[in-house]
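K.L.:
A predicted structure for the sequence below; I have some questions about it.
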Amino acid sequence: MTQAVLVAHSYLTRTVELFIEFFKSVKQSYQHQRLVRETYKELMALSDKDLNDIGINRGDIRNISENQNLRGWV
């Protein structure tokens with residue numbers, strides 16, 4: 001009986017852990033998309049002269065906002 005309880009507890013614990021991991025990944029995805037939107041919005045608000053000063057063409061804004069490696073240098 002004790003073994004059955006321990007096995008059931010193990011399965012239940014793993015299921016709860018999987019749900020927690022799923023919700024964490026959803027939260028991270030949402031936060032990433034929010035950062036992409038904010039970066040895109042901020043860069044689009046700049047004038048062409050300001051963009052030229054930092055070496056960005058208006059056509060590059062989408063790629064820069066979606067690329068995590070480039071975020072932070074702008």
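P.N.:
Noted; the coordinates are in hand.
K.L.:
next SSE after the lengthiest helix in the chain?
P.N.:
When the chain is parsed with DSSP state H, its longest helix is helix 2-45. Using DSSP states H and E, the helix or strand that follows helix 2-45 towards the C-terminus is helix 48-53.
K.L.:
what's the offset of that next one from the middle of its chain?
P.N.:
Centroid separation for helix 48-53 versus its chain: 27 Å, with C-alpha atoms, centre = their mean, to the nearest Å.
K.L.:
Check stretch 32-52 too.
P.N.:
Using C-alpha atoms, centre = their mean, the offset of stretch 32-52 from its chain centre is 17 Å.
K.L.:
now stretch 25-36
P.N.:
3 Å.
K.L.:
how about it: buried residues?
P.N.:
The neighbour-count check on stretch 25-36 (16 or more other C-beta atoms under 10 Å) flags V36 as buried. Where you see a C-beta, it was placed from the backbone N, CA and C, and this is true even at glycine.
K.L.:
again with stretch 60-69
P.N.:
61, 64-65.
K.L.:
now those as CSV including pLDDT and distance to D53?
P.N.:
Listed next are those as CSV, based on pLDDT from 0 to 100; distance: C-beta to C-beta, whole Å:
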residue, pLDDT, distance to D53
I61, 92, 14
I64, 88, 15
S65, 87, 18
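K.L.:
Pick the one among the residues you listed closest to A8.
P.N.:
S65 (47.3 Å; C-beta to C-beta).
K.L.:
so the closest one makes contact with R34?
P.N.:
No. Assessed by C-beta atoms under 8 Å, S65 is found out of contact with R34, at 11.4 Å.
K.L.:
All set now, cheers.
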